[in-house]
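1. structure for this input, please:
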Amino acid sequence: MFNTERNAKTPNHLVSVIVPCYNQVEFLTEALNSVLAQTYQNWECIIINDGSTDNTQEVALQYCKKDSRFKYIEKKNGGLSSARNAGLKIAKGEFIQLLDCDDIIQSQKLNKQTEILINNKQIDLVYSDLRYFQSSNPNIYYKSFHLTDEDWLPKLSGKEEIILSRLIIGNIMACNCPLFRKSCLKKTGYFNEILFNHEDYEFWNRFALAGFYFHYDDQHNTNALVRLHKKSMSRNSKMDIGFMMVQLKLFIELLKENHKIHVDKNSIRNQKRKLTKLYLLNEIKREHLFFILNFYEKIRLPILGLVPKKFKYQFLMFDLQDLYKLI
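-> Next up is the predicted model:
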């Protein structure tokens, strides 16, 4: 049984809220207002302008002027992971809350979840339930990305095999669901800036592989709210490739570390088959194929036969027959 009540003798612990923004200023005010609405007061909110060409700077500085707990940094565009990392590296908080600029967190989230982390030292990451909404109907919430009430969140608490056995299937939460201890980053490192999507899935995989304890929290008014709009709902081959790459990396890490989880090699074979099919259907560009193969070479994974021995990276050439042999 976990303690969820705040110890009156325990001082408030600073929470750093990390808000990356790139050309989505139309959503930024709602995200920042959800931080202002938190009943937990001891926070800093770091707004990272990732090279936006809209008036993100103007809006962000208005909030900084209004409340000194808001901080603003501006950087050259480098992508979502790069922007999050820029915020994480200057964060002063003991706890970290990620919040993309088009999303929202409910008002009791920081209050209730800091209580859990403060009073339960064995918990490293506490994550909330999740609801999706549309800008056109912001008060109507859905449990699924597909605007249905089909609940996909696994709602697991535990560590190592308990969490990893679900992560090998797919992600277990949205990026704004967890509140975690900043000290975890000493083991996990920051977001992988090479990845072009599913970077949060890969990030939580590293938390689980490091043995950190995940705790699911379903207390009232602590939900992470994810906005669905045209950009967020678009899917393409890059999304499929990103997921396969992260999932395969986890499969192989489990094999290398001899975890007790059963890693189905047929699943690995199926993922390679999907990758090849995407290429043959012209749904994956040649450079994306090279990107994935080079990624696996970097983490030294020829042990699974993912890369043919005669593949010459320096010339970026491959034999299609060798690719067939992989499946």
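
2. and the most centrally placed residue in the chain, what helix or strand is that in?
-> Central residue of the chain (CA atoms, centre = their mean): Asp200, 1.9 Å from the mean position. Assigned by DSSP states H and E, Asp200 belongs to helix 199-209.

3. with Ile48 instead?
-> Going by DSSP H and E, Ile48 is in strand 43-50.

4. again with Thr114
-> With DSSP H and E as the criterion, Thr114 is inside helix 109-119.

5. list the helices and strands that helix packs on?
-> The helices and strands touching helix 109-119, judged by 3 or more CB pairs under 8 Å, 6 or more residues apart in numbering; DSSP states H and E, are strand 95-98, strand 125-128, strand 178-181, strand 214-217. Quick note: C-beta positions are derived from backbone N, CA and C, even for glycine.

6. what angle do that helix and strand 43-50 make?
-> Helix 109-119 runs at 120 degrees relative to strand 43-50, counting by axes from the mean of the first three to the mean of the last three CA atoms, to 10 degrees.

7. start the count at 37 instead of 1 going forward.
-> In the new numbering, first residue 37, that becomes helix 145-155.

8. next, the buried residues of helix 145-155.
-> 145-154 (16 or more other CB atoms under 10 Å).

9. what would the residues you listed look like in JSON lines with pLDDT and distance to Cys211?
-> Shown next, in JSON lines, are the buried residues of helix 145-155 (pLDDT from 0 to 100; distance: CB to CB, whole Å):
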{"residue": "Lys145", "pLDDT": "98", "distance to Cys211": "13"}
{"residue": "Leu146", "pLDDT": "98", "distance to Cys211": "16"}
{"residue": "Asn147", "pLDDT": "97", "distance to Cys211": "20"}
{"residue": "Lys148", "pLDDT": "97", "distance to Cys211": "19"}
{"residue": "Gln149", "pLDDT": "98", "distance to Cys211": "15"}
{"residue": "Thr150", "pLDDT": "97", "distance to Cys211": "19"}
{"residue": "Glu151", "pLDDT": "97", "distance to Cys211": "22"}
{"residue": "Ile152", "pLDDT": "97", "distance to Cys211": "19"}
{"residue": "Leu153", "pLDDT": "98", "distance to Cys211": "18"}
{"residue": "Ile154", "pLDDT": "97", "distance to Cys211": "23"}
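
10. want to throw the residues you listed into JSON lines with distance to Lys191?
-> As requested, the buried residues of helix 145-155 are arranged in JSON lines below (distance: CB to CB, whole Å):
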{"residue": "Lys145", "distance to Lys191": "16"}
{"residue": "Leu146", "distance to Lys191": "20"}
{"residue": "Asn147", "distance to Lys191": "21"}
{"residue": "Lys148", "distance to Lys191": "16"}
{"residue": "Gln149", "distance to Lys191": "15"}
{"residue": "Thr150", "distance to Lys191": "20"}
{"residue": "Glu151", "distance to Lys191": "19"}
{"residue": "Ile152", "distance to Lys191": "15"}
{"residue": "Leu153", "distance to Lys191": "18"}
{"residue": "Ile154", "distance to Lys191": "22"}
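
11. what's stretch 97-112 in contact with?
-> For stretch 97-112, the external contacting residues (CB atoms under 8 Å, 6 or more residues apart in numbering) are 68, 72, 79-87, 93, 96, 118-119, 122-123, 126.
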